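Trainee: got a sequence here, can you model it:
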Amino acid sequence: QVQLVESGGGLVQAGGSLTLSCVASGPTFNSYTLGWFRQAPWKEREFVAAISWVADYADSVKGRFRITRHNANNTQRLQMNSLKSEDTAVYYCAVRLGLMIPPRTPAAFGSWGQGTQVTVSS
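Mentor: Numbers count the residues shown, from 1 in each chain. Below you'll find the predicted structure:
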């Protein structure tokens, strides 16, 4: 089981930026597809972005968010720009063994971080 630890959440004004980081344990990081999901109060967990050899983004964040992977130190990051109040949520990183971009569903990912809160004030 891969252990994931997120950091970087916080409070930011609308239009601002935040970068989330996720560090994974284990020696096979470069064999995983990496993803970010988010869950707002009273809503289901939703796909944000994923990266294997290519990146995939939800339409709601395309052009504003950027997912990157850093295999040398088992880290993935989510750079979030032009933040909106509707981006407020708990953000979770996740991994899936294999390098095919998976379906945009939580069930497609096997390991999860504990979540980090992002709050965007308007």
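
Trainee: straight-line length of stretch 37-50, end to end?
Mentor: Using CA to CA, to the nearest Å, the end-to-end distance of stretch 37-50 comes out at 9 Å.

Trainee: now swap in stretch 58-70 and tell me
Mentor: End-to-end distance for stretch 58-70: 21 Å, by CA to CA.

Trainee: pick out the residue closest to the middle of the chain.
Mentor: Ranked by distance to the mean C-alpha position of the chain (CA atoms, centre = their mean), the top residue is W36 at 2.2 Å.

Trainee: residues contacting it?
Mentor: Residues counted as contacts of W36 (CB atoms under 8 Å, 6 or more residues apart in numbering) are L20, C22, V48, A49, A50, I67, Q76, L78, Y91, Y92, C93, A94. Placement of C-beta: from N, CA and C, glycine included.

Trainee: tell me the SS of the first one?
Mentor: To tie it back to what came earlier, the one meant is L20. Following DSSP: H, G, I helix; E, B strand; the rest coil, we place L20 in the strand state.

Trainee: that one and S7 touch, don't they?
Mentor: Yes - between L20 and S7 there is a contact under CB atoms under 8 Å: 7.3 Å.
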